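In: fold the following and give me the result.
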Amino acid sequence: MSGISLVIGDNVYKYLFLLTASVFPAAAHAQSASEAALDEIIAAQDAEMDDTTVQPVQSSQPVRGSESVITVTANGLGTDVRNTGQSVTVIGRDEIENLQTADPVAALARVPGLSFSRSGGLGTLTSVNLRGANADQLLVLIDGVRVADPANPAGGFDFGNLLTGTTGKIDVLRGSNSTIWGSEAMGGVIDVSTRAERGMNGSVEYGSRETIFANAAAGAGDDNFYFGLTGSWYRTDGISAAASGTEADGSEQFALGTSAFVNLTPNLEAFAHANFAEGHVEIDGFPAPTYSLADTGDTQKSTRHWGDLGLAYYGNDLTLRAAYSLSDTERTNRDGAGLETFYGDGHSERLSLRGEYRLLGGLSVAFGGDREWVDYITSSDSEAKEATITGGYVQLGWVMGRLA
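Out: Okay, the predicted model is just below:
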């Protein structure tokens, strides 16, 4: 692998020259639009199999009730998980509901090689580590949008105010895939999909410490269009984060998400996602004179919004996905007197293009590029810091038939 990095003013230009090849077996089954061409290849190579039906073009958007198990973590495009050739764990909506918790980390903790750390109860700073890598070496996507906080010293993602009520599916790529996703994916990739229901669904739960967890979701559509809205609210009186403390540290979280797509033509789809999350958490601090963890009146408020819109093309040999996305995270810490002790606001915008072209038989080439604009400011900065990053990739792959 070789590359060139140029710094011109505030802009960083990175040109990466990388060619990789992957060979893996795949089952003869097409479950999404991007799998239709692949099904033809496998059907020809495994002619002895009975099921060689090529499925019609379908949306790549995850809607509950679909039998497809599609992941985007492998190559940035919707791919049947059985055809990725990589270690991918998919946590579906049914499994999330069976856990009966507002905390998505409880579902992630079941993934092999994954661990997490938390500074208190639900809503406090939560870091996830995969395969022993640092939290900032794990790429986190929500509906394909990169949601890491640029104002965070390490640039990682805080899982603290992510709720299961608005979560439809979680894909975990348990391996490095930096060719497709960049250096942020050294440890792996976690992609969270917003909950998408057909019809209406709601629930309210009540428990100890005045804990309330309420969820609602509604959506309508078919294979040609869909619009859905989901919301979740969680609050609890909590317990003291300090083991020696007696003051309860409460938490309140609110999340709202929406997703939509429409097929403009049999091969062209327009899609959009928008999400908002806000959390208010009481935390313990390190007061004088011992400066050890103890009961304090400190609080933290975090506000996030992110979303994207774009077009996806599904042809016989060519698949393309172009999108504009943005993410913003604002965080404010205050002491017991209400004085601000920390403020941070990180913002990023990105234009991306991803594609895959079938060259010949099972031989295909995946390609893509991104341009990202990042800025952030914290209470210790006199002015906002900015950066612009441009990158691209090309990856060669070969799909074989079944080995047995």
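In: gap between the residue nearest to the spatial centre of the chain and residue 148?
Out: With distances taken as Cα atoms, centre = their mean, the chain has residue 141 as the residue nearest its mean C-alpha position (2.2 Å). Distance, residue 141 to residue 148, by Cβ to Cβ, to the nearest Å: 10 Å. For every residue, glycine as well, the C-beta is placed using N, CA and C.
In: returning to that earlier point: who touches the nearest residue to the residue nearest to the centre of the chain once chain neighbours are set aside in this structure?
Out: The shortest distance from residue 141 to any non-neighbouring residue, by Cβ to Cβ, 6 or more residues apart in numbering, is to residue 191 (4.3 Å). By Cβ atoms under 8 Å, 6 or more residues apart in numbering, residue 191 lies in contact with 71, 72, 73, 140, 141, 142, 144, 170, 171, 173.
In: in helices, which of these appear?
Out: Nothing among the contacts of residue 191 maps onto helices, per DSSP state H.
In: separation between residue 398 and residue 316?
Out: Per Cβ to Cβ, residue 398 is found 18 Å from residue 316.
In: correct me, but the residue nearest to the centre of the chain touches residue 190?
Out: Yes - under the criterion of Cβ atoms under 8 Å, residue 141 makes contact with residue 190 at 7.1 Å.
In: closest to residue 262 among the contacts of residue 191?
Out: Checking those against residue 262 with Cβ to Cβ, the nearest one is residue 144 at 17.2 Å.
In: next, that closest one: phi, psi?
Out: As for residue 144, its main-chain torsions (degrees, to the nearest 10) stand at phi 80, psi 0.
In: pretty sure it contacts residue 309?
Out: No - if you go by Cβ under 8 Å, residue 144 and residue 309 don't touch, sitting 11.1 Å apart.
In: neighbour count winner among those two?
Out: residue 144 (20 against 14; other Cβ atoms under 10 Å).
In: how about the contacts made by the more buried one?
Out: Going by Cβ under 8 Å, 6+ apart, residue 144 touches 72, 191, 273, 308, 323, 325.
In: separation between it and residue 373?
Out: Per Cβ to Cβ, residue 144 is found 18 Å from residue 373.
In: strands of the stretch 101-250 of the chain, start to end?
Out: Per DSSP state E, counting those that start in this stretch, the stretch 101-250 of the chain carries strands over the ranges 114-118, 126-130, 138-142, 145-146, 167-173, 188-194, 199-207, 211-221, 225-239, 249-263.
In: low pLDDT regions in the stretch 51-200 of the chain?
Out: Low-confidence segments of the stretch 51-200 of the chain (pLDDT under 70): 51-70, 72-75, 81-85.
In: show the contacting residues for residue 109.
Out: Residue 109 makes contacts with 115, 116, as judged by Cβ under 8 Å, 6+ apart.
In: nope, residue 147 is what I meant
Out: The contact partners of residue 147, taken as Cβ under 8 Å, 6+ apart, are 140, 141, 157, 304, 306, 327, 329.
In: what bridges to the closest residue to it other than its chain neighbours?
Out: Nearest residue to residue 147, sequence neighbours excluded (Cβ to Cβ, 6+ apart): residue 327, at 5.0 Å. Judged by DSSP bridges, the bridge partners of residue 327 are residue 306, residue 348.
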